[in-house]
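> Provided below for reference: sequence and predicted model.
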Amino acid sequence: MGAVEQQVRTAARTPLIALLGNPNCGKTALFNRLTGSRQKVANYAGVTIERKEGSFILPSGKPLRVLDLPGAYSLSAHTPDEAITRDVVAGLRAGEQAPDAVVCVVNATNLRLNLRLVLEIQRLGLPMVLALNMVDVAKKRGIEIDTARLSQELGMPVIETVAVQAGGEKALLAALAAMPFDHAVKAQPLSAIDAVPVQQTQREVRRIIDATVSFDKDTGNLSEQIDAVVLHPLAGPVILAVLMFLVFQAVFSWAAVPMDLIKGGVEHLGVLVGQGMSEGPLRSLIVEGIFGGVGSVLVFLPQILILFFFILILEDCGYLPRAAFLLDRMMGGVGLSGRAFIPLLSSFACAIPGVMAARTIQNPRDRLVTIMIAPLMTCSARLPVYALIIAAFIPDRKLGAGINLQGLVLFILYAAGIVSAMGVAWFFKRSLKARGQHPLMLELPAYHWPHLQNLALGLWERAKIFLMRVGTVILTLMILIWFLSSFPGAPEGATHPPIYYSVAGMLGRALSVIFAPIGFGWQICIALVPGMAAREVAVGALGTVYALSASGDDVAGSLAPLIAASWTLPTALSLLAWYVFAPQCLSTLSVVRRETGSARYAWLMAGYMFALAYAASFITYQVARHFLGG
Ligand SMILES: Nc1nc2c(ncn2[C@@H]2O[C@H](COP(=O)(O)OP(=O)(O)OP(=O)(O)O)[C@@H](O)[C@H]2O)c(=O)[nH]1
Ligand SMILES: [Mg+2]
């Protein structure tokens, strides 16, 4: 046997353990702690929607593989993500090794809810250990658990863990080291679980709780006190609206300084590089194409990070499911299930994880409607486009009471996306003839302070994703746009800037026939086409187009005043309306196709979004022209 083959065989025999438990009990936090990975952890149910595998080495030197799975309340799966969990543990997934052992993770502050799943999994007959997680919180709240007795009752080791503390997994490692791994042990069929009536399981849970859990003091539940205010029928929605409003204010007012720094830096660098080069196409490619195009997208990094700073804090402290609860009435009114909240919220980062998160929705029609409206939520790729146009056309004015006009307009654009999504949902629900309402079943997690490390990691992830896009898709497209915009050159005696005669110019002029009624000139049309691949590219493309149209060395910084001078206000408003609706993202459409299993819905989505975009821009443009002229 060759050495490689030997290694492969050994790897195949590395025992596989699965982390199982209710949603939001800390499985992923524990997985990250064991393996050193950085999977997403947040304080609401349904964060993990796919299986994730990792590996680690026990202190004894023995390697183990470990699976993180979506949370489930029961093994009789109700949602597509729960089904993944059930199938993986029961060894029903084709081509996938069934786990050799299970680490059942439970939330120590809510054993009553968590134990049902433990008892169900136990009937599968796999070697098991119970990780009693969040014992730090339980101790603070005065919940005492007799772990020795619990272990005796369940017939498995019970280990206390704190998944968010360094070293909080040590005891678990020791328990795993003592675990017998026998590849011959196979899970019992799932029918073994269904054979036991639910009532019997629940009686058993009550008996175990009575025997092992005691409250030593009543500390007065802080989460409940906060909820009395935050979920108040009148105060609740007002607090939510104020919170959101403040976030958008911050996006503009805090970002000014770091944006100026980046802008200045890029400009300076562009000039420096340009100085050393002689006039010619190469210099133009570097100064206008790369520094002008890429730089104009890069300056939006601070705004993206500020927005996510707030979203991540709200996510980690446990406020988001409360927001879902508050909005449930409104969402129910248009026929969306409250479960749609998390997928829609994820879509503010990017519609792709949002569409995937719709897997947590039980009813197939509800799921489809949620997928169809996910791209109407304002994703972070739209932020640069909005911010650029707002900076150019909306004066930076205080409206009194510290309200900034630019922030207000941004807030309105986000709101426009949400309101139209509700309208579209209502329409789809009616035409899909969905019946029945599903009451929102939400577990409201306890509030806790955001973990700084989580926050820093989350921001770093966002920054990385953005910078990767800038360095790959956006850079490539910028170079392509520069070529298309520079060749062929202007003919003798040309009256327009050279770009007018280039391939991109011809394309833009052809398209502008279609887009003239909504106020887009050929320059905007040039930017719309590459903007299909990634929305932010439109900003970079405008940067290149205007840098090439103008006479001087115009790089990143001067784009806003340039477009302010070349567009009318109705055109700017029309372009904003376009970006609220247009399906300017091919990757979203391809994920929709994958998640719905048919190209039909991707086409339907593209069709309805283009139609809405054109209609909204047309109305905006014509109305604005009527009132403002231009
Ligand atoms: N105080 C404390 N917080 C914890 C502990 N373990 C996890 N958390 C927090 O609990 C929340 C949920 O953690 P996750 O790891 O995302 O939970 P999960 O089980 O993977 O959740 P799903 O993927 O939704 O099923 C996060 O806010 C964590 O920071 C712990 O031991 N102590
Ligand atoms: Mg998880």
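Ah, there it is. Ligands and ions are numbered 1, 2, ... in the order given.
> can we go C-alpha only for contacts and neighbour counts from here?
Fine.
> Might you enumerate the residues of the chain proximal to ligand 2?
Within the chain, the positions near ligand 2 by C-alpha under 5 Å from the ion are 28, 48.
> Near ligand 1, which residues of the chain are found?
Contact residues, the chain versus ligand 1 (C-alpha under 6 Å from any ligand atom): 23-29, 41-48, 70-71, 133-134, 136-137, 162-164, 316.
> Helices - which of those residues land there?
Mapping those onto helices (DSSP state H) picks out 27-29, 136-137, 316.
> now, which of these sits nearest K398?
Taking C-alpha to C-alpha as the measure, K398 lies nearest D316 of those, at 32.0 Å.
> Can you tell me how far the closest one is from ligand 2?
For D316, the distance to ligand 2 (C-alpha to the ion, to the nearest Å) stands at 13 Å.
> Can you show me the strands along this structure?
16-21, 52-57, 63-68, 101-107, 128-133, 143-145, 158-160, 213-215 (DSSP state E).
> Of all these, which one is nearest R594?
strand 52-57 (19.2 Å).
> List the pairing partners of the closest one within its sheet, with orientation.
Using DSSP bridges, the strands paired with strand 52-57 are strand 63-68 (antiparallel).
> quick check: angle from the partner strand to strand 101-107?
Put simply, strand 63-68 runs at 50 degrees to strand 101-107, going by axes from the mean of the first three to the mean of the last three C-alpha atoms, to 10 degrees.
> Quickly note the distance from the closest residue to ligand 1 within the stretch 501-630 of the chain to R51.
The stretch 501-630 of the chain approaches ligand 1 most closely through E595 (19.4 Å), counting by C-alpha to the nearest ligand atom. Here E595 is placed at a distance of 16 Å from R51 (C-alpha to C-alpha, to the nearest Å).
> Throw the ones in helices among the residues of the chain next to ligand 1 into a markdown table and include distance to W578, pLDDT and neighbour count, thanks.
Converted to a markdown table, those look like this (distance: C-alpha to C-alpha, whole Å; pLDDT from 0 to 100; neighbours: other C-alpha atoms under 10 Å):
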| residue | distance to W578 | pLDDT | neighbour count |
| --- | --- | --- | --- |
| K27 | 42 | 95 | 30 |
| T28 | 39 | 95 | 28 |
| A29 | 40 | 94 | 22 |
| D136 | 50 | 92 | 17 |
| V137 | 48 | 89 | 16 |
| D316 | 33 | 87 | 22 |
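> do you know how far the residue lying closest to V271 once chain neighbours are set aside is from I524?
Nearest residue to V271 in three dimensions, chain neighbours excluded: V287, at 7.6 Å (C-alpha to C-alpha, 6 or more residues apart in numbering). Counting by C-alpha to C-alpha, the gap from V287 to I524 is 21 Å.
> Am I right that L64 is in contact with L34?
No - checked against C-alpha atoms under 8 Å, the pair L64 and L34 is beyond contact range at 10.2 Å.
> between those two, what contacts are shared?
F56 (C-alpha atoms under 8 Å, 6 or more residues apart in numbering).
> Quick one: residues contacting the residue of the stretch 501-630 of the chain closest to ligand 1.
355-356.
> and with 10 Å instead?
By C-alpha atoms under 10 Å, 6 or more residues apart in numbering, E595 lies in contact with 355-356, 358-359, 368, 371, 589, 601-602.
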